[in-house]
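Visitor: what shape does this take:
(one chain, ligands or ions: 1)
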Amino acid sequence: MRGPLSILPLRCRSVGLNVRGRDLLKDVTADLMPGVPSMIMGPNGAGKSLFLRICHGLLQPTSGSVEWSGPAGRAQAMVLQRPVLLRRSARANVIHALALAGAPRSERGARADAALERFGLGAIAARPARLLSGGEQQRLAIARAWALNPQVLFLDEPTSALDPSGTRAVEEMITVIAREGVKIVMATHDLGQARRLAGEVLFFHGGRLREQTPAPAFFEKPQTPEAAAFLNGDLLW
Ligand SMILES: Nc1ncnc2c1ncn2[C@@H]1O[C@H](COP(=O)(O)OP(=O)(O)OP(=O)(O)O)[C@@H](O)[C@H]1O
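Guide: The predicted structure follows:
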């Protein structure tokens, strides 16, 4: 774990999100602990993205509470499915994020270079970020988030728009980052990907957390019929 004080566990208690009378999330209670990657799984519309957004602080729940164990401010970051990149070079995108995070001006260039090199992106540093391929853009967005030294990194379906080689490259980055001690919390509905990356699975269906289970047990013997149907390819929403 980086930094002296861990912001984990993240404690979600009876979290609900009701929009115009509809429960998009209901009674979600979970602890996100330091350690292995947590995969947020479930069919389309299950509430995975909403849960991540609430954990990250982009959305406020309408009931319940979400509490970090320490000052979380800049110690947690999120990468979206389609990352937002500025109309600047790849390197300038990382430098801009470091500036927003308050990194001293004198350090930004070196830290940006280190982040790009760390993930094999040195060759694209000077290229306009918006003209990179989808896979390169996603890797840049993850490198940019990593450059901020987060303790927790939320990823919302980071490979859903990528081809197999782009997906593999992103998964390799995520594995490296997780091994460094950064807590990964990631939504995916790609079963193969979840098997490759998950330490535990939080399975959502219909806005509810149906189970939170260590990955091997989830894939071998899920606790709920909905998760079993999902693993079988029979649960589409
Ligand atoms: N701002 C909103 N207002 C109303 N409904 C919303 C809003 N955002 C999401 N929803 C609905 O909430 C449900 C859960 O959405 P969410 O994006 O969390 O699903 P998901 O599990 O991430 O699905 P997918 O795998 O398709 O991305 C969906 O039915 C969605 O249409």
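Visitor: how about the residues of this protein that lie near the ligand?
Guide: 19, 24, 42, 44-50, 187, 189 (C-beta under 6 Å from any ligand atom). The C-beta positions use only the backbone N, C-alpha and C, and glycine is treated the same way.
Visitor: tabulate the residues you listed in JSON lines, adding columns for neighbour count, secondary structure and pLDDT.
Guide: Listed next are these as JSON lines, based on neighbours: other C-beta atoms under 10 Å; DSSP: H, G, I helix; E, B strand; the rest coil; pLDDT from 0 to 100:
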{"residue": "19", "neighbour count": "10", "secondary structure": "strand", "pLDDT": "97"}
{"residue": "24", "neighbour count": "18", "secondary structure": "strand", "pLDDT": "98"}
{"residue": "42", "neighbour count": "27", "secondary structure": "coil", "pLDDT": "95"}
{"residue": "44", "neighbour count": "8", "secondary structure": "coil", "pLDDT": "92"}
{"residue": "45", "neighbour count": "15", "secondary structure": "coil", "pLDDT": "93"}
{"residue": "46", "neighbour count": "27", "secondary structure": "coil", "pLDDT": "96"}
{"residue": "47", "neighbour count": "24", "secondary structure": "coil", "pLDDT": "97"}
{"residue": "48", "neighbour count": "24", "secondary structure": "helix", "pLDDT": "97"}
{"residue": "49", "neighbour count": "17", "secondary structure": "helix", "pLDDT": "97"}
{"residue": "50", "neighbour count": "22", "secondary structure": "helix", "pLDDT": "98"}
{"residue": "187", "neighbour count": "26", "secondary structure": "strand", "pLDDT": "98"}
{"residue": "189", "neighbour count": "17", "secondary structure": "coil", "pLDDT": "84"}
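Visitor: and the nearest residue to residue 125 once chain neighbours are set aside, what element?
Guide: Once flanking residues are discounted, residue 125 sits nearest to residue 91: 4.2 Å by C-beta to C-beta, 6 or more residues apart in numbering. Using DSSP states H and E, residue 91 maps to helix 90-100.
Visitor: could you pull out the buried residues of that helix?
Guide: 90-98 (16 or more other C-beta atoms under 10 Å).
Visitor: make a markdown table from the residues you listed and add distance to residue 222 to it.
Guide: Converted to a markdown table, those look like this (distance: C-beta to C-beta, whole Å):
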| residue | distance to residue 222 |
| --- | --- |
| 90 | 41 |
| 91 | 44 |
| 92 | 45 |
| 93 | 40 |
| 94 | 40 |
| 95 | 45 |
| 96 | 43 |
| 97 | 38 |
| 98 | 42 |
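Visitor: need these in JSON lines (columns: pLDDT).
Guide: Below are the buried residues of helix 90-100 laid out as JSON lines (pLDDT from 0 to 100):
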{"residue": "90", "pLDDT": "98"}
{"residue": "91", "pLDDT": "98"}
{"residue": "92", "pLDDT": "98"}
{"residue": "93", "pLDDT": "98"}
{"residue": "94", "pLDDT": "98"}
{"residue": "95", "pLDDT": "98"}
{"residue": "96", "pLDDT": "98"}
{"residue": "97", "pLDDT": "97"}
{"residue": "98", "pLDDT": "97"}
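Visitor: contact partners of the helix ranked longest in the chain?
Guide: Longest helix in the chain, counting residues (DSSP state H): helix 164-179. Identification of contacts with helix 164-179 by C-beta atoms under 8 Å, 6 or more residues apart in numbering yields 36-37, 119, 133-135, 138-139, 142-143, 146, 153, 155, 158-159, 162, 184, 186, 190, 193, 196-197.
Visitor: hmm, 7 Å instead?
Guide: 37, 119, 134-135, 138-139, 142, 146, 153, 158-159, 162, 184, 193, 196-197 (C-beta atoms under 7 Å, 6 or more residues apart in numbering).
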